[in-house]
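S.K.: Sequence first, predicted model second:
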Amino acid sequence: MKAHAATTTAVVEGEGFSKFSDGVRLVYSKEIEFKALPNMRFMQFANVKTELGVEPGLTISMLTYDNLALGGSLTEMTSMQTQALSGSTKSITVSEYGNAVAVSELLVQSSFDDVMASATTLLGRDYAMVVDCELRDSALSGTNRIYASNGDTKITARKDLVDGCNLKVSTIKDAIEILSTNNAPKAAGGTYWICFVHPHQSRGLRDDSAWINASNYGAPEQLFTGEIGRIDDCRFIETTLMSNGACASTDPAYDANLVKGAGEVGSTNQTNIYQACLFGDAYFGIAFSLPVELRDNGVEDFGRKRSLAWYSIFGVGKLHDAYGVVIETA
């Protein structure tokens, strides 16, 4: 027999009403994080800092280091010259995020489903979507931008993209050339570049002879969430959250600036635009002032209504602009 949330996940606070205890709330908060992880793509590559207190102005500082000046040969009996660590702090502004659901006591008591457990699953998915969308927007704010070529013709502006300017291996190599020139460190332990693509963009890459499906890797490797394959030293993560102008306006990936016909006079888009992002290590980060929590709304309508919400205080930001490249294609 199904155990109702009213008897298994709460302590009685009054006649006919039950409220989450602090202990149970903590368990469900962790469950939200656990259920959110399979839906997170960008989070697994973000530099994370958790700070319970914030600086004046609701900012959290994240320290990033620059590459050392090149070393060299040494001369016997001559002291080695030292150099100071060079770095900078990036201030990330944090703000409140959250979402809530409400159910009636009648539904909880009469449903054949564990309504409260299902609510945490939905809240976890929503939390994952919100965090990943914020990190996506940060990643796509990079100033290094390239465009898919039109056959052998190089494209240098969004307005010149036309149908057929799809993501190609040559486009990936152009992006990697920029990162290598900028001495950007690779992600995944300094071994691989990471590229986020929309399924529409990855479709053409899968037909290229250079493509290796994730299921066909020659050596056993821990796959990232959403990983579909690799080309040379670049591993691809597929997600429908990548910004584009072809999806419905209600889709989280929709960007009005990428729609066919959008843009200023003389520079309107000739096709719907899709964005991808290729980056190395320490490209973007997320700072938490308050990790995600599950919260209830106390006694409502004499215990006839229950409301649950996820709530968090965090902020995202770009740490090294030179370590990422935004790719735009048709």
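M.R.: It's in.
S.K.: Residues in a beta bridge with F284, which ones?
M.R.: On the basis of DSSP bridges, F284 is bridged to K318.
S.K.: Relative to K318, how far out is it?
M.R.: 5 Å (CB to CB, to the nearest Å). For every residue, glycine as well, the C-beta is placed using N, CA and C.
S.K.: A148 now?
M.R.: Here the distance between A148 and K318 works out to 23 Å (CB to CB).
S.K.: Between the two, which has more neighbouring residues?
M.R.: Between A148 and K318, counted using other CB atoms under 10 Å, the more crowded position is A148 (23 against 20).
S.K.: phi, psi of that one?
M.R.: Main-chain dihedrals, A148, degrees, to the nearest 10: phi -60, psi 140.
S.K.: What confidence value was assigned to it?
M.R.: If you check A148, the pLDDT there is 97.
S.K.: OK, contacts around it?
M.R.: Neighbouring residues of A148 by CB atoms under 8 Å, 6 or more residues apart in numbering: 155, 161, 165-168, 171, 327-330.
S.K.: possible to save the residues you listed as CSV with secondary structure?
M.R.: Below are the contacts of A148 laid out as CSV (DSSP: H, G, I helix; E, B strand; the rest coil):
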residue, secondary structure
I155, coil
L161, coil
C165, coil
N166, coil
L167, coil
K168, coil
T171, helix
I327, strand
E328, strand
T329, strand
A330, coil
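S.K.: Just the element for V101, please.
M.R.: Here V101, judged by DSSP states H and E, is contained in strand 95-104.
S.K.: In the helix or strand following that strand, which residues are buried?
M.R.: Under the assignment DSSP H and E, the closest C-terminal helix or strand after strand 95-104 is helix 105-110. By 16 or more other CB atoms under 10 Å, the buried positions in helix 105-110 come out as 105, 108.
S.K.: Buried residues, the very next helix or strand once past helix 105-110. List them.
M.R.: Next in sequence after helix 105-110, counting helices and strands by DSSP H and E, comes helix 115-139. Under the neighbour-count criterion of 16+ other CB under 10 Å, helix 115-139 has 115-116, 119-120, 123-124, 126-139 buried.
S.K.: Strand 95-104 and helix 115-139, what's the angle between them?
M.R.: Interaxial angle, helix 115-139 versus strand 95-104 (axes from the mean of the first three to the mean of the last three CA atoms, to 10 degrees): 160 degrees.
S.K.: where does C277 fall, phi/psi-wise?
M.R.: phi -140, psi 130.
S.K.: Also V197?
M.R.: In terms of degrees, to the nearest 10, the main-chain angles of V197 are phi -130, psi 160.
S.K.: gap between it and T75?
M.R.: 50 Å.
S.K.: Tell me which of these two has more neighbours.
M.R.: Counted by other CB under 10 Å, V197 and T75 do not tie: V197 has more neighbours, with 25 against 7.
S.K.: Hmm, N244 and that one touching each other?
M.R.: No: here V197 lies out of contact with N244, judged by CB atoms under 8 Å, at a distance of 10.8 Å.
S.K.: Check what contacts stretch 149-168 and list those residues.
M.R.: 147-148, 170-171, 197, 201-202, 204-205, 208, 263, 266-271, 273-274, 276, 327-330.
S.K.: How far does it stretch from one end to the other?
M.R.: 8 Å (CA to CA, to the nearest Å).
S.K.: For it, what is the distance to the chain centroid?
M.R.: The chain centroid and the centroid of stretch 149-168 are separated by 27 Å, computed with CA atoms, centre = their mean, to the nearest Å.
S.K.: Then N257 would be within a helix, right?
M.R.: Yes: counting by three-state DSSP, N257 is located in a helix.
S.K.: Now do the same contact list for it.
M.R.: 245, 263.
S.K.: mind redoing it with 10 Å?
M.R.: 158, 243, 245, 263, 269, 273 (CB atoms under 10 Å, 6 or more residues apart in numbering).
S.K.: which residues sit in contact with I146?
M.R.: Residues in contact with I146 (CB under 10 Å, 6+ apart) are 154-156, 171-172, 174-175, 177-178, 276, 278, 325-329.
S.K.: tell me which residues form a beta bridge with it?
M.R.: Under the criterion DSSP bridges, I146 forms beta bridges with I327.
S.K.: Relative to T250, how far out is it?
M.R.: From I146 over to T250 (counting by CB to CB), the distance is 30 Å.
S.K.: So which helix or strand of this protein has the lowest pLDDT on average?
M.R.: One helix or strand of the chain scores below all others by mean pLDDT, DSSP states H and E: helix 5-8, with a mean of 35.
S.K.: State the distance from Y311 to S138.
M.R.: 21 Å.
S.K.: contacting residues for the closest residue to L258 other than its chain neighbours?
M.R.: Spatial nearest neighbour of L258, excluding adjacent residues (CB to CB, 6 or more residues apart in numbering): G245 at 3.3 Å. Contacts for G245 were tallied using CB under 10 Å, 6+ apart; they are 253-262, 269, 271-275.
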